[in-house]
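A.B. asks: Would you be able to build a 3D model of this:
(chains A and B)
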Amino acid sequence: MILETGSPERVGFVVDKLGVEYPLPQALLRSNPAEIPGHTEQEVVRHYVRLSQMSYGVDTGMVPLGSCTMKYNPKVELRALELTEGHHPLENEETVQGIMEMLYLMQRWLAEITGTDECSLQPPAGAAGELSGLLIMKKYFDDRNEQRDEVLVADTAHGTNPATAGMLGKKVVYIRSNNEGLLDLELLKKVVSSRTMGLMLTNPNTLGLFEENILEIAKVVHSVGGLLYYDGANLNGILGIARPGDMGFDLVHLNLHKTFAVPHGGGGPGAGAICAKGDLVNYLPYPIVRKEGRRYVWFRPERSIGKIATFWGNVGNVAIAFSYILGLGPEGLRKVAEQSVLATNYLIAKLKGLNGLTLMAPHRPRKHEVVFSAVELAKRTGVTANDVAKALLDRGFYAPTIYFPPIVEEALMIEPTETEPIEVLDEFANALTDIVRQAFENPKPLQESPRNTSVGRVDNVKANHPSTITPSPRVKRLREKGLLGPLK
Amino acid sequence: MSFRNWLPNLTRVDEMLKTIGVSSVDELFKDIPEELRLKRPLDVGFGRALTEPEIIKTIEMLRGKNVSLRYPPFLGAGACPHYVPEAVKFIIFRSEFYTAYTPYQPEISQGLLQALYEYQGIMAELLEMEVVNASLYDWSTALAEALLMAVRITGKNKVVVPEAMNVYHKEVIRTWLYGRGVRIVEAPYDKEKGTTDYSNVDMSDVAAIYVQQPNFFGVLEPDPGIVTDLAKSHNAISIMGISPLAASIFKPPGEHGFDLAVSDGQELGIPLNFGGPYVGVLASRWDGRLVRQMPGRIVGETVDAQGNRAYTLVLQTREQFTRREKATSNITTNESLMAIAVAVYASLLGYHGLRELGKEVFNRSHYALERFTRAGAKKAFSSEFFEEFVLEFDKDYDRIAESLLLRRIHGGFKLDNRRALFCVTEVHPKEAIDEVAEVIENA
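C.D. replies: Now for the predicted structure:
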């Protein structure tokens, strides 16, 4: 642990000095030195290279996390960072015309891909896009003096949807799915009312199923004056094939770090976009880039909800997504969707009928992802979805998303993406088949996995108990000195 | 066409279809109603797929349309130019970190979890706060989240912030708080000194009181601790925003006894990136009432089944995937990789190096102010400052900014016709400062 090594006098970087000195205001100086040791450059590099070896990314192997779209990130993309790296966000427009042109093109391309009229690249990630979307809805209805306090959410929705509604203090109404895994249209008709602000939906949904009644759904929501919101996390499987705007969605957010191959960085940074149709364009977070003659200028939509992050969004990552789209072109984008859907259904074909794993509505083709239930496996062998996940780690794969969506018991949510070669899909299917077989023969080793990772199963009770929870070395030190009690 | 090497199964379609038991790829999309199927190619990119060299050429063409400045810009206002050591870039481009997802499976993500824990630990020491989360988007959204925490904890619906806080942060909190209809009241600043005065603000029913150190004008607030006293007497949450470099020299939030602290790690190893990605810092003192309301991920130390030291995400029940509409925030994707950059940067410098850097920034900005005032500009506020300062000119600042730009130098951030906010750090060489002084003198 880096705070336990090194020493105060060591430095790994020497600060340039001008050789001038001015007196510091004494009354404001900090009293205690911060306990952050210095290190030589080599010490730091060795330490973090070692830590990187104890991490797992798409460049290490398959990351089949459902709804995360962990596709390979072509290396050429990173050259795009050179476009933005050295530029300050508040520079005069004249000095950053190249960046603004890139942003302008991205706004147009993303609007075209989503079938909307305009996009703002302000949101630094998908959840910030959702927040923008709901704030747009609120302001839109405030402007019309309409009091609407309900947000409808499918029970298959990503957790961010209700959480965003919660941030606005709105009431969340869940719409159950039917046995086909699709939104229950009859139920929807019953719950919509003049209190409905909108419905948040992802299509294909988190079961990987296309909501085939989407036009009808849109009609129902619009019939009470509500708005339809598209959660773009699952766009990958329909790129260039169908567009949310054409389906009747009014607002769309995108996760550029999913669909458009921005490396995920161990949890971030991402990049988002929020796109709108018709009048709602006037409410987009500002700024938006406009073209005036040959020049690119910043523009604030008339009824803009304001700014959602400090500057212009995660522009560096927008540039990465830009270079990805350049490499795909119109044909490539569509191929991405086709290939990702092909991979999902190929994997299903390989896994279907596996003892203990069940699939809702097995006759329906999946799009970007598939959710198996291991509930039978758990009942008959005691091996849970969590055990299966840990056993996959031992076999050199990252695990699928587990226990999500909540409507599927013991869920294993798998998104292979279009970038895993057929041989890897086969290996993954074989690994899962092998785990299931073992579960019936000798479940105990699976329940004790993983063994091949740098640590074994972690103690979550100790990790979270009020008297042992340790979120920083500082907490540990102060607790040992008797200066901190349990976290109450 | 690049995509041919990006899509490995293009030549294996037939055998995959055979395994699936369908005759065409189209059949896999048969559940999409015919009227929704796009019948034309998307109008995106340059009409066709570019090859790798063509992609690079396009990026270079766009770069050519930017102006490459001779020196780093004298711009701050929420992001300051600093040198980023090669070792930092080298580490964050390690693709085991760069291409990883959120460490939901701790056993196979120990390195990533430990790096984030180290970031939390370093920030905790620097700010003298016990709990730091694994990052939010940037300073402004960290502040918005802190204010929302205060609203939830106190059940009150008004916050007090300084008029002299960062103008962009102010716009962001306005946007975020609009959702819940929270009222924002501003504490005015002394027009002479540039310091914030909380004494005449109506503190009734206040959920949170915020102070920014140094404030938007670069002015050091002489007594930020007054906010903690005010908050205590009004049952409100006290929040301090502080530049991480300023915290290496000046009293950190923990020493004053603040409940929460916010910042941005950009100054510690992150390039300007035209505004993002940066890394939002949110810190709390050791109080369950606060910590359990914190948004975002937190990494904690624990042990594995064999008793080895191990790291994992803690207090996950606060988060959206389990709590849904009762979650503390909707945030999922954060700025992890940037947090790792901060950890690497701070481990290289250590506290002594950070302090040395902080002092150099203090010295250089004071040298620049001296040069600029000798050249005829006026220091707008009489108070002590750090890193940034406001200059007042006897002519339109636009004229000076334009003259500078002709020399491919970018001046400070324009506040109004006659005033601009300048930022000077270790990356601004003496000749750059002297040249700006010359332009001010001759304008």
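
A.B. asks: Compute the number of surrounding residues for residue 45.
C.D. replies: Picked chain A for this. For A:Val45, the number of neighbouring residues by other C-beta atoms under 10 Å in any protein chain shown comes to 19. (C-beta placed from N, C-alpha, C; glycine too.)

A.B. asks: The intended chain is chain B.
C.D. replies: 22.

A.B. asks: Please work out how many residues are found near the spatially closest residue to it that is not a sequence neighbour.
C.D. replies: In this structure, B:Gly45 finds its nearest non-sequential neighbour in A:Gly329, 4.4 Å apart by C-beta to C-beta, 6 or more residues apart in numbering or on different chains. The number of residues packed near A:Gly329 is 22, by other C-beta under 10 Å.

A.B. asks: I'd guess A:Gly329 is in a helix, am I close?
C.D. replies: Yes - membership of A:Gly329 in a helix is supported by DSSP: H, G, I helix; E, B strand; the rest coil.

A.B. asks: check contacts around it.
C.D. replies: A:Gly329 is in contact with B:Met1, B:Phe3, B:Val44, B:Gly45, B:Phe46, B:Gly47, B:Arg48, B:Ala49, B:Leu50, counting by C-beta atoms under 8 Å, 6 or more residues apart in numbering or on different chains.

A.B. asks: need the contact list for the fifth one.
C.D. replies: If a contact means C-beta under 8 Å, 6+ apart, then B:Phe46 has A:Leu326, A:Gly329, B:Thr58 as its contacts.

A.B. asks: sorry, back to before: how far away is the residue nearest to B:Gly45 from B:Glu60?
C.D. replies: Taking C-beta to C-beta, to the nearest Å as the measure, A:Gly329 falls 19 Å from B:Glu60.

A.B. asks: try A:Met102
C.D. replies: 12 Å.

A.B. asks: ok, these two, which is more surrounded?
C.D. replies: A:Met102 (28 against 13).

A.B. asks: Now the more buried one: which helix or strand?
C.D. replies: Element membership for A:Met102, per DSSP states H and E: helix A:97-114.

A.B. asks: What strands flank the helix or strand following that helix, and is each parallel or antiparallel?
C.D. replies: Beyond helix A:97-114 in the direction of the C-terminus, DSSP H and E gives the next helix or strand as strand A:118-120. Paired neighbours of strand A:118-120 in the sheet (DSSP bridges): strand A:272-276 (antiparallel).

A.B. asks: between the partner strand and helix A:97-114, how big is the angle?
C.D. replies: With axes from the mean of the first three to the mean of the last three C-alpha atoms, to 10 degrees defining the directions, strand A:272-276 sits at 60 degrees from helix A:97-114.

A.B. asks: ranges for the helices of the stretch 1-150 of chain B?
C.D. replies: B:3-6, B:13-20, B:52-65, B:86-92, B:95-98, B:110-127, B:139-154 (DSSP state H, counting those that start in this stretch).

A.B. asks: looking at these, which is buried most?
C.D. replies: Ranked by mean neighbour count, the helices of the stretch 1-150 of chain B are led by helix B:110-127 with a mean of 29 (mean count of other C-beta atoms under 10 Å in any protein chain shown).

A.B. asks: Any residue of that helix touching chain A?
C.D. replies: Yes - against chain A, helix B:110-127 shows contacts by C-beta under 8 Å from any C-beta of the partner chain at B:110-112, B:114-118, B:120-122, B:124-126.

A.B. asks: residue ranges of the strands in the stretch 251-400 of chain B, please?
C.D. replies: Counting by DSSP state E, counting those that start in this stretch, the stretch 251-400 of chain B has strands at residues B:260-264, B:280-284, B:298-303, B:309-314, B:378-379, B:388-392.

A.B. asks: Likewise for chain A?
C.D. replies: Ranges of strands within chain A are A:118-120, A:150-154, A:171-175, A:196-201, A:227-231, A:251-255, A:272-276, A:288-292, A:295-299, A:358-359, A:370-373, A:401-402, A:411-414, based on DSSP state E.

A.B. asks: Identify whichever of these lies nearest to B:Arg408.
C.D. replies: Closest approach to B:Arg408 among the strands of chain A (C-beta to C-beta): strand A:295-299, 18.9 Å.

A.B. asks: Mind listing the strands the closest one pairs with, and their directions?
C.D. replies: Sheet pairing for strand A:295-299, using DSSP bridges, gives strand A:288-292 (antiparallel).

A.B. asks: Give me the contacts around the partner strand.
C.D. replies: A:100, A:103-104, A:107, A:118-120, A:296-301.

A.B. asks: Can I get the contacts of B:Phe46 in JSON lines including pLDDT and distance to B:Val439?
C.D. replies: Shown next, in JSON lines, are those (pLDDT from 0 to 100; distance: C-beta to C-beta, whole Å):
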{"residue": "A:Leu326", "pLDDT": "97", "distance to B:Val439": "40"}
{"residue": "A:Gly329", "pLDDT": "96", "distance to B:Val439": "46"}
{"residue": "B:Thr58", "pLDDT": "98", "distance to B:Val439": "35"}
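
A.B. asks: Can you lay out those as CSV showing distance to A:Gly265?
C.D. replies: Formatted as CSV, those follow (distance: C-beta to C-beta, whole Å):
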residue, distance to A:Gly265
A:Leu326, 21
A:Gly329, 26
B:Thr58, 24
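
A.B. asks: What score does the residue positioned nearest the centre of chain B have for pLDDT?
C.D. replies: The C-alpha lying nearest the average C-alpha coordinate of chain B belongs to B:Asp138 (C-alpha atoms, centre = their mean; 3.1 Å). Here, the pLDDT recorded for B:Asp138 equals 98.

A.B. asks: ditto for B:Met1
C.D. replies: 59.

A.B. asks: swap in A:Arg290?
C.D. replies: With respect to pLDDT, A:Arg290 scores 98.

A.B. asks: Could you export the strands of chain A as a markdown table, including mean neighbour count and distance to A:Leu215?
C.D. replies: Shown next, in a markdown table, are the strands of chain A (neighbours: other C-beta atoms under 10 Å in any protein chain shown; distance: least, C-beta to C-beta, whole Å):
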| stretch | mean neighbour count | distance to A:Leu215 |
| --- | --- | --- |
| strand A:118-120 | 26 | 23 |
| strand A:150-154 | 25 | 16 |
| strand A:171-175 | 18 | 17 |
| strand A:196-201 | 27 | 13 |
| strand A:227-231 | 27 | 11 |
| strand A:251-255 | 29 | 16 |
| strand A:272-276 | 31 | 19 |
| strand A:288-292 | 16 | 29 |
| strand A:295-299 | 15 | 33 |
| strand A:358-359 | 18 | 26 |
| strand A:370-373 | 24 | 25 |
| strand A:401-402 | 22 | 29 |
| strand A:411-414 | 24 | 27 |
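
A.B. asks: and B:Leu421, which of those strands is closest to it?
C.D. replies: Nearest to B:Leu421 among those is strand A:295-299 (18.8 Å), distances taken as C-beta to C-beta.

A.B. asks: how big is the angle separating that closest one from helix B:52-65?
C.D. replies: Here the directions of strand A:295-299 and helix B:52-65 differ by 80 degrees (the same axes, to 10 degrees).

A.B. asks: which residues does the residue nearest to the centre of chain B contact?
C.D. replies: A:Pro124, A:Ala309, A:Thr310, A:Phe311, B:Asp264, B:Gln266, B:Gly276, B:Tyr278, B:Val279, B:Gly280, B:Glu335.

A.B. asks: from what I can see the second one touches B:Ser140, true?
C.D. replies: Pointing back at A:Ala309 there. Yes - taking contacts as C-beta atoms under 8 Å, A:Ala309 lies within contact range of B:Ser140: 6.3 Å.
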